[in-house]
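**Q** Return atomic coordinates for the entry below.
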Amino acid sequence: MDLLKDKIDLQRLPGHVAIIMDGNGRWAREKGQDRLYGHYHGVESVRNIVEAAAELGIGYLTLYAFSTENWDRPGDEVAGLMELLVETIRKEVETLNKNKIRLHVIGDMDMLPAYARDELNEALEITAKNPGMHLIML
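**A** As a prediction, this is how the structure comes out:
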């Protein structure tokens, strides 16, 4: 990362980067796996992106992770995505704090299952005073 970072003009980086997270299911299918396999591997990419963006000094990173259309997916896939969300937040909130990243959620959290909403609200509280990059989940 340091060699690549040395080639980047940090003065020309955008203040806000937004990413539409798409294609994990197709990637998994190409590998002969189910869609959730792809979603779980997508978390690794997100982790790398978040850490790199924070290190580079990006002020705001928005991840478009779950649209209203996603509720129309098969029930087991939606349930798996909610479990993945909760599991990821639990594992990553300490790292967010360590890197001074503040988590935000935009969108209708009331649509989420109570256990997912509770986990997100806890992470929002834990990171609320962090002065670094703003990580916005949509």
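
**Q** Show me where this structure has its strands.
**A** With strands called from DSSP state E, the chain shows them at 16-20, 60-64, 102-105, 134-137.

**Q** The third one pairs with which strands, parallel or anti?
**A** It refers to strand 102-105. Paired with strand 102-105 in the same sheet, following DSSP bridges, are strand 134-137 (parallel).

**Q** pLDDT-wise, which helix or strand of this structure ranks last?
**A** Every helix and strand of the chain was ranked by mean pLDDT, DSSP states H and E. The lowest is helix 2-6, at a mean of 79.

**Q** contact partners of stretch 24-41?
**A** Contact with stretch 24-41 is made by 23, 42, 77, 80-81, 84, as judged by C-beta atoms under 8 Å, 6 or more residues apart in numbering. Quick note: C-beta positions are derived from backbone N, CA and C, even for glycine.

**Q** one more time with 7 Å, if that's ok
**A** 42, 77, 80-81, 84 (C-beta atoms under 7 Å, 6 or more residues apart in numbering).

**Q** now, which of these sits nearest residue 122?
**A** residue 84 (16.8 Å; C-beta to C-beta).

**Q** quick one: low-confidence ranges for this protein?
**A** 1-2 (pLDDT under 70).

**Q** Have a look at it and report its longest helix.
**A** helix 75-98 (DSSP state H).

**Q** Show me what it packs onto, helices and strands only.
**A** When contacts are defined as 3 or more C-beta pairs under 7 Å, 6 or more residues apart in numbering; DSSP states H and E, helix 75-98 packs onto helix 35-56, helix 114-127.

**Q** All good on my end, thank you.
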